[in-house]
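In: no sequence for this one, just the structure:
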């Protein structure tokens, strides 16, 4: 028992150190660029010897591979799954935005490393990253086209709208602070809300969310509005 | 006259070559990183000798300075001017989004170079770049807070909403193709439309844009909606 527990403590400590190396490396790759960062820089930033770093990673490429392999491909898979599970456009769009935003917000550093260093990835990873990006865009465009065709979404150029919503989500990697005041899930809620309001026609939004009271309120507002316009004439 | 014209042709040719160097350099800085790009790479990509490049720029830092000095600071100035000229929240937000999106779409490569290499800029330029970014964010937040206070915008966390709208605009630098099918001004229109729909309350949107016919249409829709809800009960 004692021996087992000691082994598991050791392997946990090892995992933690490996995680720290990845975190420090990703920060440096973002600050100094992949090519501007040396194994020595990573060791120095962690206050350990270079040998300690080489114990976990053969070289810098090895670190980049480990950093990017987790997030690469993931976004595409998530987007595809969401669309298969939810055929209805409004719900599907909400699912796509929520899941993509949550992924970016959960792994902001990795996301930035991939975005910044895609050209430097090994060919296989680079292909995986590009395929994933294309898959995400394709799923957003598909849902937006379906929503427009069903009369639920405002008419727009689907590709521009898709990129605008993706921009809202992706940009989070550049500003969100996981240790800051605003909780991750609150950001997800806000982004989803903004995205749906941006795209879904009012009457569908209201049909989807409103109550009878809300409809009555809306009716009164419409009547007031009509009155104002008639007076202006 | 002949002499003058020859001089101006020469200086035009010089300007064109300088512009080409900047364009090729920005593409390489994005692809390979600033530190991964050499003066030789730039010369090779242009099919000229290194000496030809050194005729225009003393070194790589000189190219980076020239590339970034145009766009750095510009976004902040534009955002500040917009807010001074337009105090009304809906119009101000529309102005901010349109002008910021147009700037990013007009100089996408420069924008990406700054975003990617901010840490590598000379201290003065880096400070200018950060101040400008802060100024833009501040102006967006100010307008969003004013719109919420006036009851014209939906309630939200102003900072998250500001970053979401900035993300829509900034992301354009990563996908927009100036030589592609979609004209720049169409993208500006779409982004502004999405941003306003995302943020402005329906009734204010309608007050701002609608006609009497539109209000009548809305009234009929609200009555239909009310009927449906009452039947469901």
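Out: That came through, no problem. For clarity, every value in this text was computed on a predicted model and none was experimentally measured.

In: lowest average confidence, helix or strand, in chain A?
Out: Every helix and strand of chain A was ranked by mean pLDDT, DSSP states H and E. The lowest is helix A:202-209, at a mean of 64.

In: following that one in sequence, what is the next regular element?
Out: For helix A:202-209, the following helix or strand on the C-terminal side (DSSP states H and E) is helix A:212-232.

In: residue A:20: helix or strand, and which one exactly?
Out: If you go by DSSP H and E, residue A:20 is part of helix A:2-32.

In: for that helix, packing partners?
Out: helix A:39-46, helix A:50-56, helix A:60-71, helix A:108-117 (3 or more C-beta pairs under 8 Å, 6 or more residues apart in numbering or on different chains; DSSP states H and E). (Glycine included, C-beta is placed from N, CA and C.)

In: next, residue A:36: secondary structure please.
Out: coil (DSSP: H, G, I helix; E, B strand; the rest coil).

In: so how far is residue A:68 from it?
Out: To residue A:68, residue A:36 is 18 Å away according to C-beta to C-beta, to the nearest Å.

In: so how far is stretch A:142-162 off the chain centroid?
Out: 21 Å (C-alpha atoms, centre = their mean, to the nearest Å).

In: residue A:36 and residue A:68: which is more packed in?
Out: residue A:68 (25 against 17; other C-beta atoms under 10 Å in any protein chain shown).

In: what residues are up against the more buried one?
Out: Neighbouring residues of residue A:68 by C-beta atoms under 8 Å, 6 or more residues apart in numbering or on different chains: A:110, A:113, A:114, A:117, A:121, A:125, A:129.

In: could you count how many residues lie near the second one?
Out: When neighbours are defined as other C-beta under 10 Å, residue A:113 has 27 of them.

In: kindly report the same for the fifth one.
Out: Residues near residue A:121, counting by other C-beta under 10 Å, number 22.

In: repeat for the fourth one
Out: Counted with other C-beta under 10 Å, the burial measure for residue A:117 works out to 24 neighbours.

In: quick check: closest non-adjacent residue to it.
Out: residue A:34 (4.8 Å; C-beta to C-beta, 6 or more residues apart in numbering or on different chains).

In: same thing with residue A:46?
Out: residue A:24 (5.3 Å).

In: against residue B:129, how distant is the nearest residue to residue A:89 once chain neighbours are set aside?
Out: Nearest-residue entry for residue A:89: residue A:147, 3.6 Å, with adjacent residues in sequence omitted and distances by C-beta to C-beta, 6+ apart. Distance from residue A:147 to residue B:129, counting by C-beta to C-beta: 38 Å.

In: got the contact list for the residue positioned nearest the centre of chain A?
Out: By C-alpha atoms, centre = their mean, chain A has its centre lying nearest to residue A:104, at 2.7 Å. If you count contacts by C-beta under 8 Å, 6+ apart, residue A:104 has them with A:111, A:169, A:170, A:172, A:173, A:176.

In: what's the pLDDT at it?
Out: Listed pLDDT for residue A:104 reads 94.

In: just the one 10 residues further on next, same as before
Out: pLDDT for residue A:114: 84.

In: so how many other residues sit close to it?
Out: Residues lying near residue A:114 (other C-beta under 10 Å) number 26.

In: touching, it and residue A:129? I think so.
Out: Yes: using C-beta atoms under 8 Å, residue A:114 is in contact with residue A:129, at 5.8 Å.

In: what do those two both touch?
Out: The contact sets of residue A:114 and residue A:129 overlap at A:68, A:72, A:121 (C-beta under 8 Å, 6+ apart).

In: for the last one, grab phi and psi.
Out: Read it as residue A:121. phi -70, psi 160 (degrees, to the nearest 10).

In: check it and give its pLDDT.
Out: On the pLDDT scale, residue A:121 gets 81.

In: how about it, what does it touch?
Out: A:64, A:65, A:68, A:72, A:114, A:129.

In: hmm, try it at 7 Å
Out: A:64, A:68, A:129 (C-beta atoms under 7 Å, 6 or more residues apart in numbering or on different chains).

In: now residue A:146
Out: residue A:89.

In: assumed it was part of a helix.
Out: Yes: the assignment for residue A:146 is a helix, going by three-state DSSP.

In: got the contact list for residue A:22?
Out: A:63, A:66, A:67.

In: tally of neighbours for residue A:55?
Out: By other C-beta under 10 Å, neighbour count at residue A:55 equals 13.

In: and for the one 4 residues further on?
Out: The tally of other residues near residue A:59 (other C-beta under 10 Å) stands at 11.

In: cool, and residue A:120?
Out: 21.

In: and the nearest residue to it once chain neighbours are set aside, its phi and psi?
Out: In this structure, residue A:120 finds its nearest non-sequential neighbour in residue A:34, 5.2 Å apart by C-beta to C-beta, 6+ apart. Residue A:34 adopts backbone torsions of phi -60, psi -50, taken as degrees, to the nearest 10.
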